[in-house]
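Engineer: quick check, what structure comes out for this input:
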Amino acid sequence: MGKARRLSAVETLFGSKRICVRTRAGFLFACDQRDWLQRNLLCNRVHEVEVSDLLARQLSPSDVFFDVGANAGYFTCLALSVGVQRVVAFEPDPLTCKTFWAQIRLNGWDARACELVEGGLSEQAGQLDLIRGSDSGESGFGDWPHRLPVGQIAVNVMTLDDYCASKDVRPTVMKVDVEGWELKVFKGATKTLSDRRLRLITFEAEVDRQAQMTDRRLFDLLRSLGFGIEHIPRPSGSLKPTENFCARR
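Structural biologist: Okay, the predicted model is just below:
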């Protein structure tokens, strides 16, 4: 597809405020210049390089990848680009879900290549207020101190265990990025986490100045289910209030 035709296709799908970039992993992503996460992707062609590199190395065609807190679909696209057999993405914001599907179409992937669950995950089923952040990557549930709220919407939530039981599917690799809601997600997923087929989880957590998780309950829960946990350092060596971790068997 030529540049002019590609730009026209992007504008048709997303509107004129997006610029299409070919990511370092090779897939296309239409970046909203108003959104910090996507502006960063536009400049660097990779999002969270330490997590992207880990998943690119670890994912294989035989994997079932769960993208929890999928946002606009970057990590889902990364998994699809390496040919995993199945992707299930969870995203509670209906506006972001529309962008997610547009990214899938932009790359020419069949909609059957992944399933998008338009709802949230928690420790029990029900309805919660999704707090929308000033950047889409900051939206989530609960009182998260790193979010600048700009609105809210009531959405349905379920447990991951209930979803897996209803669909008879189990992940082998998961990415969890839910802006401070990780413990709630994991509490509703103890059966899923106990399944030995799940070998790798990347997740975000708040840390102290020594890069130790400030909520020991999160650490203790994963350890009790047989996971070893390690910090995934940023290439720059800098330390931020939230850092990425890897849990693996």
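
Engineer: count of neighbours near Arg105?
Structural biologist: Residues lying near Arg105 (other Cβ atoms under 10 Å) number 12. C-beta coordinates here come from the backbone N, C-alpha and C atoms, glycine included.

Engineer: oops, could you answer that again for Met213 instead?
Structural biologist: Met213, neighbours per other Cβ under 10 Å, totals 20.

Engineer: ok, now which ones touch it?
Structural biologist: Residues near Met213 by Cβ atoms under 8 Å, 6 or more residues apart in numbering: 205-207, 219, 245.

Engineer: Cys20: which of the residues you listed is nearest?
Structural biologist: Cys20 has its nearest neighbour among the contacts of Met213 in Phe245, at 31.7 Å by Cβ to Cβ.

Engineer: wait, isn't that closest one in contact with Ala205?
Structural biologist: Yes - assessed by Cβ atoms under 8 Å, Phe245 is found in contact with Ala205 at 5.8 Å.

Engineer: does Ile232 touch Thr242 like I think?
Structural biologist: No - proximity of Ile232 to Thr242 does not meet the contact threshold set by Cβ under 8 Å, at 11.9 Å.

Engineer: adjacent strands (with direction) for the top strand by length along the chain?
Structural biologist: Across the chain, the longest stretch assigned as strand under DSSP state E is strand 149-158. Here strand 149-158 has these sheet partners by DSSP bridges: strand 120-121 (parallel), strand 126-133 (antiparallel).

Engineer: name the next helix or strand downstream of it, please.
Structural biologist: Note on strand 149-158: by DSSP states H and E, the next helix or strand toward the C-terminus is helix 160-167.

Engineer: would you tell me what the next helix or strand after the lowest-mean-pLDDT helix or strand in the chain is?
Structural biologist: Sorting the helices and strands of the chain by mean pLDDT, DSSP states H and E puts helix 3-14 at the bottom, at a mean of 53. Scanning forward in sequence from helix 3-14 by DSSP H and E, the next helix or strand is strand 18-22.

Engineer: the closest residue to Leu160 other than its chain neighbours: neighbouring residues, count only.
Structural biologist: Distance criterion Cβ to Cβ, 6 or more residues apart in numbering; nearest residue to Leu160, sequence neighbours excluded, is Ala189 at 3.7 Å. Here the number of neighbours of Ala189 (other Cβ under 10 Å) works out to 29.

Engineer: shouldn't Ala189 be in contact with Tyr163?
Structural biologist: No - judged on Cβ under 8 Å, Ala189 makes no contact with Tyr163 at a distance of 9.0 Å.

Engineer: about what we covered before: compare neighbour counts for Ile232 and Thr242 and give me the winner.
Structural biologist: Ile232 (17 against 14).

Engineer: grab the nearest non-local neighbour of the more buried one.
Structural biologist: Going by Cβ to Cβ, 6+ apart, Ile232 has Asn244 as its nearest residue, at 4.3 Å.

Engineer: who touches that neighbour in this structure?
Structural biologist: So Asn244 contacts 48, 50-51, 202-204, 231-232 (Cβ under 8 Å, 6+ apart).
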